[in-house]
Structure formats: C-alpha cells, structure tokens
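Engineer: All I have is the shape, not the residue letters:
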C-alpha cells in the first residue's frame, strides 16, 4: 500500500487546537477517503472498505454543503487547498 503523501493544509499545532472545526473534519475525511481509495485499487472486491468509503464520502459531502451555506469564502479556500472538486448544484 502507498504511504500517505498527502498535502497538509494546516500545521500540526493548528490541527491539535481545532479538531472540532469543519475544516479539520473535512481534512480528516479527505485523508481517510484517499487512503481507502488507494487500498481499493489493490483490493477491488473488499466490500467492507467500499462501504466505509461511501460513508466517508457522504459525511464529507454533508460537511462541505454546510460550509458552503455558512461561509462561501472558507469553502472555496478549503476546496482549493485540498484539491477536491466543487459539489454540483442542481
């Protein structure tokens, strides 16, 4: 499995202070999602990991929707920093 070589948006000190913030939660879900994605590239039939990936994607999507409603500026900054796509609007 590939080691985590993901970019860090905030420093270690900031992570310890703001664990309840929406940005930190989205960051942690993003690292989990990337780790599960790399795992599933090797183990395609691992249905438990697929389920966990879908759950984490849904949680991150809900947090991002909340953040986009509350503070659009912070949302855009976070999306750009984590290099993830913007959610589709209907």
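Structural biologist: Yep, it's here. Everything numeric in this text was worked out from a predicted model, so none of it was measured.
Engineer: buried set for stretch 52-68?
Structural biologist: Using 16 or more other CB atoms under 10 Å as the test for burial, stretch 52-68 gives 52-53, 56, 60, 63-64, 67-68. The way it works is simple: take the backbone N, C-alpha and C, and place the C-beta from them, glycine included.
Engineer: Stretch 31-40 now?
Structural biologist: Under 16+ other CB under 10 Å, the buried positions of stretch 31-40 are 31-36, 39.
Engineer: what's the most distant pair in the residues you listed?
Structural biologist: Greatest spatial distance among the buried residues of stretch 31-40 (CB to CB): 31 and 39, at 12.6 Å.
Engineer: any idea how far the residue nearest to the spatial centre of the chain lies from residue 47?
Structural biologist: What sits nearest the mean C-alpha location of the chain, by CA atoms, centre = their mean, is residue 30, with 2.1 Å. Distance of residue 30 to residue 47, computed by CB to CB, to the nearest Å: 22 Å.
Engineer: what's the answer for residue 35, then?
Structural biologist: From residue 35 across to residue 47, the span is 17 Å (CB to CB).
Engineer: Report back the residue of this structure that's furthest from centre.
Structural biologist: Distance from the C-alpha centroid of the chain, by CA atoms, centre = their mean, peaks at residue 45 (22.8 Å).
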